[in-house]
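Visitor: kindly generate the corresponding structure for this input.
(one chain, ligands or ions: 1)
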Amino acid sequence: MASEFRSTLLGDLEVDIELDAPIGSMTYFAIGGRADALVRPRSADALSILLRRCHDDEIPCRIIGKGANLLIDDIGVDGIVIKLDNPCFTQVRFNREGSIDAMHAMAGADLAKTVMETARHGLDGITAMAGIPASIGGAIRMNAGGTYGHISDTLSTVTCLTKVGELVTYKKEELGFTYRSSRIADPLILSATFELQECDPIPLRKTVKEIFAWKKSRQPLADASAGCAFKNPLDKNNTRVSAGKIIDETGIKGLNVGGATVSAQHANFITTNAKATGGDVITLMKQIQQRILEQTGIVLQNEVVIWSRDPEVQR
Ligand SMILES: Cc1cc2nc3c(=O)[nH]c(=O)nc-3n(C[C@H](O)[C@H](O)[C@H](O)COP(=O)(O)OP(=O)(O)OC[C@H]3O[C@@H](n4cnc5c(N)ncnc54)[C@H](O)[C@@H]3O)c2cc1C
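Guide: Presented below is the predicted three-dimensional model:
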């Protein structure tokens, strides 16, 4: 299979290929296995053809952003993992459209750098994303956000590539963004436009710093993790309740499996040390879910995305 990637499937495309690629080490957890192939397209055309060929040849195809919400199983993943880090996928442009400042960001652009750039330009709209590690595409896929707002708040349009490599642009209203989710069914987010508001850059930069300080005081940002392990569940009144608070109240902060630990600072963060394996995190997550179910009847759903060759683990 591996040699086929190079010779037939990808041989004539403008892509960089790494076979048996250590994608686990590219995630924020920095653990887990390898992918059959990591492919970095060098043009949008090559990306589109790549998706179509994967579809036609039934080759599994996944997209990795910054790896800040990903856990790779130790047995790795089959097929192709696409990384959009070529400069053609990381550009951010600003345009004035009437009274509104529009930002056009490619999916591979770094969210943290983009937040800083908008603050420097005195443009408000994604300030709430300060301190969230992500690519623009990964943030949209996860509808990332928190106390201060979500990436979808100021989204205007999202351009995707379908499984057969066709470009489609959606208005935000068509995409049904909800907590950590949307109706985006296409495999790949290529770019997005945002509506930003002009404001004084000095207080804006102060707000970015305050949000970052707020996160730092509550979350173990210096440790390896993928942010919140579980989504906040709905209570009887259909209101989201903090998964961290629920886990904390069961008294399992500090619980560990191998090198993976329930963070003492924030119970919904699983942090890992250098000896941790993907299996440690997966087992710890199952133990937390089991304990919470037994003690409260609440079913915690994964927020962390798990990739594995084993469909039972990836479910
Ligand atoms: C220290 C820390 C703090 C965090 N704090 C927060 C927080 O406050 N709020 C929050 O919401 N999250 C938080 N997270 C989680 C993470 O930052 C977000 O989920 C973020 O959106 C992940 O983006 P990414 O580019 O790293 O995506 P990845 O982790 O690489 O991928 C996540 C998912 O998005 C998909 N994806 C990535 N790029 C694309 C694309 N171009 N097209 C289609 N699908 C794509 C992947 O296939 C995967 O399913 C935190 C994580 C860490 C490590």
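Visitor: backbone phi and psi for the spatially most central residue of the chain, please?
Guide: Nearest residue to the geometric centre of the chain (CA atoms, centre = their mean): Gly138, 3.7 Å. For Gly138, the backbone dihedrals (degrees, to the nearest 10) come out as phi -70, psi -40.
Visitor: got the buried residues for stretch 242-261?
Guide: Judged by neighbour count using 16 or more other CB atoms under 10 Å, the buried positions of stretch 242-261 are 243-244, 246-248, 250, 252, 255-257, 259-261. Heads up, the C-betas are built off the backbone N, CA and C, glycines and all.
Visitor: next: stretch 20-27.
Guide: Buried, per 16+ other CB under 10 Å, within stretch 20-27: 21, 23-24, 26-27.
Visitor: try stretch 10-23
Guide: Residues 10, 13-15, 17, 21, 23 are the ones in stretch 10-23 that count as buried (16+ other CB under 10 Å).
Visitor: ok, now stretch 202-211?
Guide: Of all the residues in stretch 202-211, those buried under the rule 16+ other CB under 10 Å are 204, 207-208, 211.
Visitor: Gly137 in helix, strand or coil?
Guide: For Gly137, the assignment made with DSSP: H, G, I helix; E, B strand; the rest coil gives helix.
Visitor: and the buried residues of stretch 202-211, which is closest to the ligand?
Guide: For the buried residues of stretch 202-211, the residue nearest the ligand by CB to the nearest ligand atom is Ile211; the value is 9.6 Å.
Visitor: so what's the closest one closest to, chain neighbours aside?
Guide: Counting by CB to CB, 6 or more residues apart in numbering, Ala130 is the residue found nearest to Ile211 once chain neighbours are left out, at 4.1 Å.
Visitor: so which of the buried residues of stretch 242-261 are in strands?
Guide: Assigned to strands by DSSP state E, the following of those qualify: 256-257, 260-261.
Visitor: any chance of the residues you listed in a markdown table, plus distance to Pro41 and pLDDT?
Guide: A markdown table is the format used below for these (distance: CB to CB, whole Å; pLDDT from 0 to 100):
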| residue | distance to Pro41 | pLDDT |
| --- | --- | --- |
| Asn256 | 40 | 97 |
| Val257 | 37 | 98 |
| Ala260 | 33 | 98 |
| Thr261 | 37 | 98 |
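Visitor: and those residues, which two are the farthest apart?
Guide: Greatest spacing in these, by CB to CB: Val257 and Thr261 (8.3 Å).
Visitor: overlap of the contact sets of the two?
Guide: Taking CB atoms under 8 Å, 6 or more residues apart in numbering as the criterion, Val257 and Thr261 both touch Leu284.
Visitor: surely Leu196 touches Thr154?
Guide: Yes - taking contacts as CB atoms under 8 Å, Leu196 lies within contact range of Thr154: 6.5 Å.
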